[in-house]
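Asks: Everything below, folded, please.
(chains A and B)
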There are 2 protein chains.
Amino acid sequence: MTTATRIVLASRPKGDATLDDFRTETAQIPAPEDGELGLRTIWLSLDPYMRGRMNDGPSYAAATEIGEVMTGEVVAEVTESRDPRFVAGDIVLARIGWTTHGIVRGAEARKLDPDLAPVSTALGVLGMPGQTAWVGLNEILKMQRGETLVVGAATGAVGGVAGQLAKRAGLKTVGIAGGSEKCAYAVENLGYDVCLDHRDPDLAQELEALTPQGVDCYFENVGGKVLEAVLPRMNQDGRIAICGMVAWYSPEGLQDPPTLPPVWRTILTKRLRVQGFLVFDHADKLQPFLDEVGPLVGGGDLHYRESVAEGLEAAPQAFLDMLKGGNFGKQLVRVGADA
Amino acid sequence: MTTATRIVLASRPKGDATLDDFRTETAQIPAPEDGELGLRTIWLSLDPYMRGRMNDGPSYAAATEIGEVMTGEVVAEVTESRDPRFVAGDIVLARIGWTTHGIVRGAEARKLDPDLAPVSTALGVLGMPGQTAWVGLNEILKMQRGETLVVGAATGAVGGVAGQLAKRAGLKTVGIAGGSEKCAYAVENLGYDVCLDHRDPDLAQELEALTPQGVDCYFENVGGKVLEAVLPRMNQDGRIAICGMVAWYSPEGLQDPPTLPPVWRTILTKRLRVQGFLVFDHADKLQPFLDEVGPLVGGGDLHYRESVAEGLEAAPQAFLDMLKGGNFGKQLVRVGADA
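Replies: The predicted model follows:
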């Protein structure tokens, strides 16, 4: 038996999530059975989608139950293997949640090669967020050279990859991010042609001035005022890939929401295609994504940034901060030492 | 010179359109010049899109100017031809608007064959509305055998064709129409598996009970309460083709509109594809459409219904009635005698 520290959902948020909605507890983890691996977490990934799991009601995944460990993906060391494809000391990607130790079926873990890139990248630029960017651009937006792309949350784990891949594909890239520091980083490090601050009260006018050719593709992570600024700029036959809407994940952001009819009308009159997507439906694109993006990361040609919270106990506050835009790059929690 | 009676836009509607927004006047039509045809209107088509043209501001087509003839498509007899491809007595389809007589370039007219089907069908089941149904089902919704389709305005010029073509393609078809008479007609004559009355206060619950497998495709002509009832029934990977939103064309319909965030969330969590389209962008599909649907109409295998207002002067009232759902089938105006 191993003693694990883990963070469970204590209560469903009423309004904005707070620290009180989480509880830290310890649990005894049994030894792995046949086909299973015992894991010690090194890195935990924090992602905006987790906020949805805290609510009750239908979503694209089952809600986390009260008292259940918060779901999430980790990079972990195999401490004991009962699956012949793994040995103790291997580094794997697995979904054991917000916990220092756990058990996973070998079939549900993916072995990582620490020589290719730092293993934390399997949670970010070479993981689910990076693949989300790749799928959004190639499968949903079907980006074309010469088009103009707007990326909401431009410096986030998804947006940062999307902007760089689109730029490499010959698009004009317009980022939207929170604050001048992120905007400067978006242009200087991520190669956006331009980046606007979503807090700018003149966002819509600025965007209009900076997109004289209109907008062909919008990578939607945000909703809210950003969406309201982008919609009037959409060109005929434009595409919107809905990947998230973090501005609308909290009740505060839902005050004074836009109404549907003018949006529906814009979709009709401009013949837009608006499509929601989840990377989990595109597992068959993992290999094409890794084949393209892996060498770019390995060769230092794709920039990424990580925001690290120290220790599992720091996860709830880091998560709440991220929902408010307090992170800068991919949000990770350092749960345990490197192998 | 020929004296034409025509109806012009007298003023832009403030709120709902009224008779005062139209004015009947006479005008002298010159003889056709080289390459032109002189026309005498037999049938005028009334279509919901015309309401949008009465407003100022951007839409998918230029607004009609104050004092300008209301735009619209007609079936007309050629009274004088200066284009060698036509002779006097030919029946053509042309866009000369709400007028008894007009001039058109031969290149912009299409000759009709009165032996294939009644020429009025070129404005309905074999015209723009029919092609809209065909394009929406095949190009936008990409309907698949076995799926469930909901059609708003199920007995309208577009919806009536959409329901029948989808049924022939092996879909389950659910119509939504205004009133029990239209609903009975939808099932008995148009072959819908079931039809619901959009005025039913329990519309959402009725729809839920009647779509145990959910909804894969929604042919959106309506917006409003119909959309609000359909959205929660959409299946994962469902498609919505936005063709119109007649419930939101009037200020009355825009009272207490739905808000955007829950709709955006539904598009994301259900991975919906929502796409606006206009048949004018799909001119290359005219021939495939006619090849498929022409024989069905000629052979009596596709049902259609026309609602006829007598005389050009009746057009404004018939148009206003149509916007409120007062028509039953394709709305035409009998402007002149058959050739």
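Asks: how about the closest residue to A:F86 other than its chain neighbours, secondary structure?
Replies: The shortest distance from A:F86 to any residue that is not its chain neighbour, by CB to CB, 6 or more residues apart in numbering or on different chains, is 5.3 Å, and that residue is A:V78. Yep, even glycine has a C-beta here, placed from its N, CA and C like the rest. Per DSSP: H, G, I helix; E, B strand; the rest coil, the local secondary structure of A:V78 is strand.
Asks: give the contact list for A:V78.
Replies: A:L37, A:G38, A:L39, A:F86, A:V87, A:A88, A:G89, A:D90, A:I91, A:V92 (CB atoms under 8 Å, 6 or more residues apart in numbering or on different chains).
Asks: and with 7 Å instead?
Replies: In this structure, A:V78 makes contact with A:L37, A:L39, A:F86, A:V87, A:A88, A:G89, A:D90, A:V92, judged by CB atoms under 7 Å, 6 or more residues apart in numbering or on different chains.
Asks: what does the strand or helix carrying A:P288 contact?
Replies: With the criterion set as DSSP states H and E, the secondary-structure element containing A:P288 is helix A:286-298. Among residues not part of helix A:286-298, those counted as contacts by CB under 7 Å, 6+ apart are A:L116, A:A117, A:T121, A:V125, A:L126, A:G130, A:Q131, A:W134, A:L302.
Asks: Describe which strands the next helix or strand after that helix pairs with in its sheet and in which direction.
Replies: The element immediately downstream of helix A:286-298 (helix or strand, assigned by DSSP H and E) is strand A:306-310. Each strand that pairs with strand A:306-310, with its direction, by DSSP bridges: strand A:330-334 (parallel).
Asks: And the residue nearest to A:D216 when sequence neighbours are not counted, how close does it get to B:D56?
Replies: Computed as CB to CB, 6+ apart, the closest residue to A:D216 that is not its neighbour in sequence is A:E147, at 3.8 Å. Using CB to CB, to the nearest Å, we find A:E147 at a distance of 30 Å from B:D56.
Asks: more crowded one of the two?
Replies: Counted by other CB atoms under 10 Å in any protein chain shown, A:E147 and B:D56 do not tie: A:E147 has more neighbours, with 22 against 10.
Asks: which SS state does the residue nearest the centre of chain A fall under?
Replies: Most central in chain A under CA atoms, centre = their mean is A:P129, positioned 4.4 Å from the mean C-alpha point. Reducing the assignment at A:P129 to three states with three-state DSSP gives helix.
Asks: My read is that it contacts A:G159, right?
Replies: No. Contact status for A:P129 versus A:G159: not in contact, 8.9 Å apart, counting by CB atoms under 7 Å.
Asks: which one is A:A62 nearest to, not counting chain neighbours?
Replies: Computed as CB to CB, 6+ apart, the closest residue to A:A62 that is not its neighbour in sequence is A:R53, at 7.8 Å.
Asks: Surely the one you found touches A:A63?
Replies: Yes. A:R53 sits in contact with A:A63 when judged by CB under 7 Å, with a separation of 5.9 Å.
Asks: where do the helices sit along the stretch 1-150 of chain A?
Replies: Along the stretch 1-150 of chain A, the segments classed as helices by DSSP state H, counting those that start in this stretch run A:49-53, A:128-135.
Asks: Can you say which of those is packed in most?
Replies: Neighbour counts (mean count of other CB atoms under 10 Å in any protein chain shown) averaged over each of the helices of the stretch 1-150 of chain A peak at helix A:128-135, with a mean of 25.
Asks: Now do the contacts for A:K270.
Replies: With contacts defined as CB under 7 Å, 6+ apart, A:K270 is in contact with A:M234, A:Q236, A:G238, B:G276.
Asks: Mark which of those residues are buried, thanks.
Replies: Neighbour counting by 16 or more other CB atoms under 10 Å in any protein chain shown classes A:M234, A:G238, B:G276 among the contacts of A:K270 as buried.
Asks: Among those, which one lies nearest to B:A247?
Replies: The closest of the buried ones among the contacts of A:K270 to B:A247 turns out to be B:G276 (CB to CB; 16.0 Å).
Asks: can you tell me how far the closest one sits from chain A?
Replies: The span separating B:G276 from chain A equals 4 Å under the rule CB to the nearest CB, to the nearest Å.
Asks: That residue and A:E139, how far apart?
Replies: Taking CB to CB as the criterion, B:G276 is separated from A:E139 by 20 Å.
Asks: repeat for A:T3
Replies: Using CB to CB, one gets 43 Å for the distance from A:T3 to A:E139.
Asks: For those two, indicate the residue with more neighbours.
Replies: Counted by other CB under 10 Å, A:T3 and A:E139 do not tie: A:E139 has more neighbours, with 16 against 10.
Asks: quick one: contacts for A:S45?
Replies: With contacts defined as CB under 7 Å, 6+ apart, the neighbours of A:S45 are A:G72, A:E73, A:V74, A:L123, A:L332.
Asks: again, only this time at 6 Å
Replies: Contacts were defined as CB atoms under 6 Å, 6 or more residues apart in numbering or on different chains; by that measure A:S45 touches A:G72, A:E73, A:L123.
Asks: Switch these over to a markdown table; also include distance to chain B.
Replies: Written out in a markdown table, the entries for the contacts of A:S45 read as follows (distance: CB to the nearest CB, whole Å):
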| residue | distance to chain B |
| --- | --- |
| A:G72 | 19 |
| A:E73 | 19 |
| A:L123 | 22 |
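Asks: pLDDT weak spots in chain A?
Replies: Judged by pLDDT under 70, chain A has its weakly predicted residues at A:58-61.
Asks: Narrow the contacts of A:S45 to those in strands?
Replies: Of the positions in the contacts of A:S45, not one sits in strands, assigned by DSSP state E.
Asks: who wins for most neighbours among the residues you listed?
Replies: If you count neighbours using other CB under 10 Å, the busiest of the contacts of A:S45 is A:L123, which has 27 neighbours.
Asks: For that one, which non-adjacent residue is spatially closest?
Replies: Nearest residue to A:L123 in three dimensions, chain neighbours excluded: A:S45, at 3.9 Å (CB to CB, 6+ apart).
Asks: Could you measure from the one you found over to A:Q131?
Replies: Computed as CB to CB, the A:S45 to A:Q131 distance reads 13 Å.
Asks: What of A:R110?
Replies: Look at A:R110 and A:Q131: by CB to CB, they are 12 Å apart.
Asks: got it, and A:D321?
Replies: 24 Å.
Asks: Over to A:L231?
Replies: A:L231 sits 27 Å away from A:Q131, going by CB to CB.
Asks: Who are the contact partners of A:L19?
Replies: Under the criterion of CB under 6 Å, 6+ apart, the contact partners of A:L19 comprise A:P316.
Asks: who are the neighbours in contact with A:F319?
Replies: A:L46.
Asks: Please give the element, helix or strand, for it.
Replies: According to DSSP H and E, A:F319 maps onto helix A:315-323.
Asks: Export only the CA atoms of that helix, formatted as CSV.
Replies: Extracted C-alpha coordinates of helix A:315-323, given in CSV (Å, rounded to 0.1, in the frame of the first residue of the first chain):
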residue,chain,number,x,y,z
ALA,A,315,-3.2,23.1,-7.5
PRO,A,316,-6.6,24.5,-6.5
GLN,A,317,-5.3,28.1,-6.2
ALA,A,318,-3.4,27.7,-9.5
PHE,A,319,-6.5,26.4,-11.1
LEU,A,320,-8.6,29.3,-9.9
ASP,A,321,-6.0,31.8,-11.0
MET,A,322,-5.8,30.2,-14.5
LEU,A,323,-9.6,30.6,-14.9
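Asks: what sits opposite the nearest residue to A:S120 once chain neighbours are set aside in the beta ladder?
Replies: The shortest distance from A:S120 to any residue that is not its chain neighbour, by CB to CB, 6+ apart, is 5.0 Å, and that residue is A:W43. The residues paired with A:W43 through beta bridges, assigned by DSSP bridges, are A:V75, A:R334.
Asks: quick one: contacts for A:W43?
Replies: By CB under 6 Å, 6+ apart, the contact set of A:W43 is A:V75, A:S120, A:L123, A:L332.
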